[in-house]
Structure formats: structure tokens, C-alpha cells
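**Q** fold the following and give me the result.
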Amino acid sequence: MTEEMKNSPLEHKGRILRAEMRTSATPMQAWEAWADPEKIAHWFVDRAEGKAEAGATITWIFDKFNYRIPYEVFRAEPGARFAIRWEPPPGRDPGILEVTITREGGETVIRLVNSGFREGAEWNDEYEGVNSGWQMALALLKHYLENYFGMPRSSFLAMRPAEYTVEKLLPYHRREEGLAKWLTTSGSFGAVGAAYRLALREGGIASGRVLALTKSETALSWEEIRGVMELKAFSMGPQKMICVHGCGWGWSQERAKEIEQQMERALERLAAVLGAAGASA
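**A** Predicted coordinates:
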């Protein structure tokens, strides 16, 4: 790759998503969190394979969804830029994820551009779902960089089908009376950055700070487990899913399994509540 090609802007096509995050971490730490296969598994994917070298292939692996997604590494500039792209299905623009890293005003700024999404109202759910996902991921990345950089994590993921609209689901995620119907015995949380404390229905406390609030999802730090908890909702094909996902840094997979089972029971309660609410509507 010539210097001219390296410094030229990428040609993003289709509908474009942009996001930004600021952190006290160094630019090199931020770059390694994306480009190092070991470190990206500390906060985002379950596993990754390959090298962050232009022209190479890097594969992101999500074990619980049985996804192995290969990407061509298009740009790999340590401490500055990481970009990958993938071949689209017929009739779609190429997909590109570009991450640029700069130092501004004593902070490291991570800017993300993700392109190749289809235009039109019928694709709004796809676009908004990915937009929410990146907001959640960048909040998690910030928490990892500033608190647990370089530490392996153990993850939990509980999910199940449910019938809901986002408008009807959010009160059960964000209001004290709604949380008490499936997850807690007391407690609630407020704006991004605010402290919170929840007493969990099956015992224990979850406390920390609100990391992200999107149109459909919530991310909370969970200090008692040195980790995070995400309250999520998304579609898998025609099926709508409710989900609690999270992780802890520096603790065992056995502990993660215990929390996963606890959250599976909580989601059973939430699905029942949503079903009853739908039946009475």
C-alpha cells in the first residue's frame, strides 16, 4: 500500500453510521483494544484470530451465536487507525468499519465510521439496532480501557424470545416499578454517568454507574463483580429477543455461569410479564 493510499480517506458508501468516544487511555491502548486479537476478546468478541496487518484477514468469533466473521484488514496504523471491510451480498454496498484514534485536549478520541447499510424505511430497524450496539460497545470499551485494560474477562449471556415493542419494554428496563417485576427488589438508575444501586431479586447487589442509554438498550457498570451488565433487546430474523449480557474481569467462568443462570430465570419472569401486558392490551 502506497503512502498516498494509506493517507487517503476511505470511500464509505450507502447509509453511514458514526459514533465517538473519549477516554483517558493512551492512543496505543485504544488501538490495541481493536487490533490485538487477544485484547478485543477482553471487551467485544468472544475470540479473534488473525493479524492486524493491511491485506491480512482477521476473524471475529461469537461463540454463543456460532458466528465466525472474516474481515479484510484494510488499514492498520498503530495508535492511529484500524479499518476492516467485508464483501457484501449481491446488490449491497461493501461494508466498512473504520476506527480512527487521535489525541485531543489531553484525551484520546476514538471515532468510528460504519458504512454499507441499506437506505429506506424498511431497513431502519437494522440501522438503529447496529447504532445502538455500537453505542453500547463504545461505552464498554471506555470502561475496559480505563479500569481493566489487559485483563481477560468471563462473560454471561442469557436471552429468550418475547413479544414486545421497545416502547412497552423500556419501562421494565429503566423504572423502579418495572425492574421490580423481574430483576430487583428495590433500586433504579438515572442518567448516563450517575451512580446507581439495585438489590437483586435472587440475592446480591448490583451497583456502579450508568455507562450508556440508547433508544432500546442499557449498559451499567457492576462493581460487585468487577464487570458490566447490559439490558438488551434485538431481533434475530423474524424473532424478537430479550437479553441480559455482561462480563466480569479477573474472575472465573464458573461464576459467570452462575450469573447467567440467574439472569435466565429473570428473563423468564420478564417474558411472562410482557406476555401478560400484551394480552391485556
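**Q** helix, strand or coil for the closest residue to Ala195 other than its chain neighbours?
**A** Closest residue in space to Ala195, ignoring its immediate chain neighbours: Arg209 at 5.6 Å, by C-beta to C-beta, 6 or more residues apart in numbering. Backbone N, C-alpha and C define where each C-beta goes, glycine included. What DSSP: H, G, I helix; E, B strand; the rest coil gives for Arg209 is strand.
**Q** and the one 3 residues further on, by the same measure?
**A** In the three-state summary, Ala212 is assigned as strand, counting by three-state DSSP.
**Q** how near is it to Ser132?
**A** 9 Å (C-beta to C-beta, to the nearest Å).
**Q** try Thr23
**A** Distance of Thr23 to Ser132, given as C-beta to C-beta: 20 Å.
**Q** tell me where the stretch 51-200 of the chain has helices.
**A** In the stretch 51-200 of the chain, the helices defined using DSSP state H, counting those that start in this stretch lie at 124-147, 166-174, 176-179.
**Q** tell me which of those sits most buried.
**A** Using mean count of other C-beta atoms under 10 Å, the stretch among these with the largest mean neighbour count is helix 124-147, at a mean of 19.
**Q** now that helix: average pLDDT?
**A** What helix 124-147 shows for mean pLDDT is 91.
**Q** same question for stretch 88-106.
**A** Rounded mean pLDDT across stretch 88-106 is 86.
**Q** how far out from the middle of the chain is that stretch?
**A** Chain-centre distance of stretch 88-106: 16 Å, with C-alpha atoms, centre = their mean, to the nearest Å.
**Q** buried residues in it?
**A** Asp93, Pro94, Gly95, Ile96, Leu97, Glu98, Val99, Thr100, Ile101 (16 or more other C-beta atoms under 10 Å).
**Q** residues contacting that stretch, please?
**A** With C-beta atoms under 8 Å, 6 or more residues apart in numbering as the test, stretch 88-106 has contacts from 10, 12-14, 27, 30-31, 34, 71, 74-75, 79-87, 108-116, 118.
**Q** 6 Å - rerun?
**A** Stretch 88-106 is contacted by residues 10, 12-14, 27, 30-31, 34, 80-86, 109-116 when judged by C-beta atoms under 6 Å, 6 or more residues apart in numbering.
**Q** same question for stretch 267-279.
**A** By C-beta under 6 Å, 6+ apart, stretch 267-279 touches Ala158, Arg160, Ala162, Glu163, Tyr164, Lys181, Trp182, Ile242.
**Q** repeat that for 10 Å
**A** Residues from elsewhere that reach stretch 267-279 (C-beta atoms under 10 Å, 6 or more residues apart in numbering): 158-165, 168-169, 171-173, 178-179, 181-183, 201, 231, 240-244, 263.
**Q** same check on stretch 245-258?
**A** So stretch 245-258 is contacted by 42-43, 64, 136, 140, 143-144, 147-159, 206, 217, 219-222, 224-232, 259-260, 263 (C-beta under 10 Å, 6+ apart).
**Q** show me which of these are buried.
**A** For these, a neighbour count by 16+ other C-beta under 10 Å gives the buried set as 42-43, 136, 140, 143-144, 148-149, 153-159, 206, 217, 219-222, 225-232, 259-260, 263.
**Q** what's across from Phe82 in the sheet?
**A** Per DSSP bridges, the residues bridged to Phe82 are Ala76, Val99.
**Q** CA-only coordinates of the helix or strand hosting Arg18 in CSV, if you can.
**A** Following DSSP states H and E, one finds Arg18 within strand 15-23. Extracted in CSV, the C-alpha atoms of strand 15-23 (Å, rounded to 0.1, in the frame of the first residue of the first chain):
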residue,chain,number,x,y,z
ARG,A,15,-26.0,4.6,4.7
ILE,A,16,-23.3,5.6,7.2
LEU,A,17,-23.2,5.3,11.0
ARG,A,18,-20.9,7.5,13.1
ALA,A,19,-20.0,7.3,16.8
GLU,A,20,-17.4,8.9,19.0
MET,A,21,-15.9,8.1,22.5
ARG,A,22,-13.3,9.9,24.6
THR,A,23,-11.1,8.2,27.1
